[in-house]
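1. sequence first, predicted model second:
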Amino acid sequence: MYHAVSPDPNPETRQLSVSPAQFAEQMELLADHGRTPLTTGELAGIWRGGGRALPDRPVLITFDDGYEGVHTHALPSLAKHGFAATLFVSTGWLRGAYDTGGGLDTMLDWNQVRALAGQGVEIGGHSHTHPQLDQLDDTDLEFELLRCREIVTGELGRAPVSFAYPYGHSDRRVRQAVRAAGFAQSLAVGNALARRPQGPYALRRVTVRRSTDVTEFERLVEGHAIGRAFARDRALTKGYAVVRRARQGRRKAAALIPGPLRQKGPRTRV
């Protein structure tokens, strides 16, 4: 799981970015190790029994959010090796008619997204404004999913089939909503290898950061010491899950309060 690919990221994206040189080196390593990249849709289709077998040493290369460096810096390395990849876009973060101003750094525009799609990169959904989906009420959750799908369909001429949860957060309600919105599969984070028993709406990924050197990257690709590498992340995730459940409880309790008694105020996104 990649985010920004940039030689000079801003402070907000730096930790979850990689430099163009890092990315190129990592793609060389995948090629040297005989890895066969698939799109998310291809992997899910094979696991559903689409008549194809998994290729030898399969791997997913995915990008979240929609940073411009995916086109400028990542695409040449992908094209060099003929690698498939999946880009999950937050449609309200991309430059153009639907831009809500939330993008954290220089984002792709739709011409660049179309160029990526033309080079075989699968374009998936990542919500419209990148909220924590499990903290939204049903109406806002449906809007985030359907608006994203509608925009991608309109811009590319075909509906996206894959989705990735912003921040990796989901619960049963969110997963059901993603399915109802028309997405056939979705990716979480989890910092673990994707396995078929996880199901099509909770497939896990491994985070690649600026601090991920080539030795660690090789270990992750081979599935070695992933638990140790992400022990701190998993501890933080468990702690934050408690916070999110508490927020959900407050939201549900507030929804039960009669309308006239409910405090009025401006609505904000989480």
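-> Now that the structure is in, tell me what you want to look at.

2. helices of the protein, start to end?
-> For the chain, the helices defined by DSSP state H occupy 20-32, 40-47, 69, 75-81, 110-118, 138-156, 172-180, 214-221, 226-229, 231-256.

3. quick check: chain neighbours aside, which residue is closest to Ala159?
-> Excluding the flanking residues, the one nearest Ala159 by C-beta to C-beta, 6 or more residues apart in numbering is Thr153, at 4.5 Å. To be clear about C-beta, it is placed using only N, CA and C from the backbone, and glycine gets the same treatment.

4. no, scratch that, I was asking about Ile46
-> Residue nearest to Ile46 in three dimensions, not counting chain neighbours: Arg52, with 5.1 Å by C-beta to C-beta, 6+ apart.

5. settle this for me: that neighbour is touching Gly45, isn't it.
-> Yes: contact criterion C-beta atoms under 8 Å: Arg52 and Gly45 qualify, at 7.4 Å.

6. right, and Ile46 touches Leu60 too?
-> No: assessed by C-beta under 8 Å, Ile46 is found out of contact with Leu60, at 11.9 Å.

7. more neighbours, the two?
-> Each of Ile46 and Leu60 has its neighbours counted (other C-beta atoms under 10 Å); Leu60 has more, 20 against 17.

8. identify the residues contacting that one.
-> Residues in contact with Leu60 (C-beta atoms under 8 Å, 6 or more residues apart in numbering) are 37-40, 43, 86, 194, 205.

9. re the thing from before, can you count the residues close to the residue nearest to Ile46?
-> The number of residues packed around Arg52, counting by other C-beta under 10 Å, is 10.

10. how much space between it and Thr36?
-> Going from Arg52 to Thr36 by C-beta to C-beta, to the nearest Å gives 12 Å.

11. what of Gln26?
-> In terms of C-beta to C-beta, Gln26 sits 15 Å off from Thr36.

12. and for Gly190?
-> If you measure Gly190 against Thr36 using C-beta to C-beta, the figure is 22 Å.

13. okay, the two: which has more neighbours?
-> Looking at Gly190 and Thr36 with other C-beta under 10 Å, you find the greater number of neighbours at Gly190, namely 21 against 13.

14. does that one touch Ser170 like I think?
-> No: contact criterion C-beta under 8 Å: Gly190 and Ser170 do not qualify, at 10.5 Å.

15. who touches both of the two?
-> By C-beta under 8 Å, 6+ apart, Gly190 and Ser170 have these common neighbours: Ala202.

16. hmm, back to that, tabulate the helices of the chain (TSV), appending distance to Asn10.
-> Formatted as TSV, the helices of the chain follow (distance: least, C-beta to C-beta, whole Å):
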stretch	distance to Asn10
helix 20-32	16
helix 40-47	28
helix 69	12
helix 75-81	21
helix 110-118	19
helix 138-156	24
helix 172-180	29
helix 214-221	23
helix 226-229	26
helix 231-256	22
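
17. deepest of these, which one?
-> Burial of these is given as mean neighbour count (mean count of other C-beta atoms under 10 Å); helix 69 ranks first at a mean of 27.

18. what pLDDT, on average, does that helix get?
-> For helix 69, mean pLDDT is 98.

19. stretch 93-113 too?
-> Mean predicted confidence for stretch 93-113 is 98.

20. hey, C-alpha coordinates of that stretch in CSV?
-> As requested, the backbone C-alpha atoms of stretch 93-113 are provided in CSV (Å, rounded to 0.1, in the frame of the first residue of the first chain):
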residue,chain,number,x,y,z
TRP,A,93,-9.5,15.5,-3.4
LEU,A,94,-8.5,15.4,-7.1
ARG,A,95,-8.0,18.6,-9.1
GLY,A,96,-10.9,19.5,-11.3
ALA,A,97,-14.6,20.2,-11.1
TYR,A,98,-15.3,18.1,-8.0
ASP,A,99,-12.4,19.4,-5.9
THR,A,100,-13.5,20.1,-2.3
GLY,A,101,-10.1,21.4,-1.3
GLY,A,102,-9.2,18.5,1.1
GLY,A,103,-6.2,17.1,-0.7
LEU,A,104,-3.1,17.0,1.4
ASP,A,105,-0.5,17.7,-1.3
THR,A,106,-0.5,18.1,-5.1
MET,A,107,-3.2,15.7,-6.4
LEU,A,108,-3.8,14.1,-9.7
ASP,A,109,-6.2,15.7,-12.2
TRP,A,110,-8.6,13.7,-14.3
ASN,A,111,-6.5,13.8,-17.4
GLN,A,112,-3.7,12.1,-15.4
VAL,A,113,-6.2,9.6,-14.0
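
21. before I go, just wanted to say thanks for your time.
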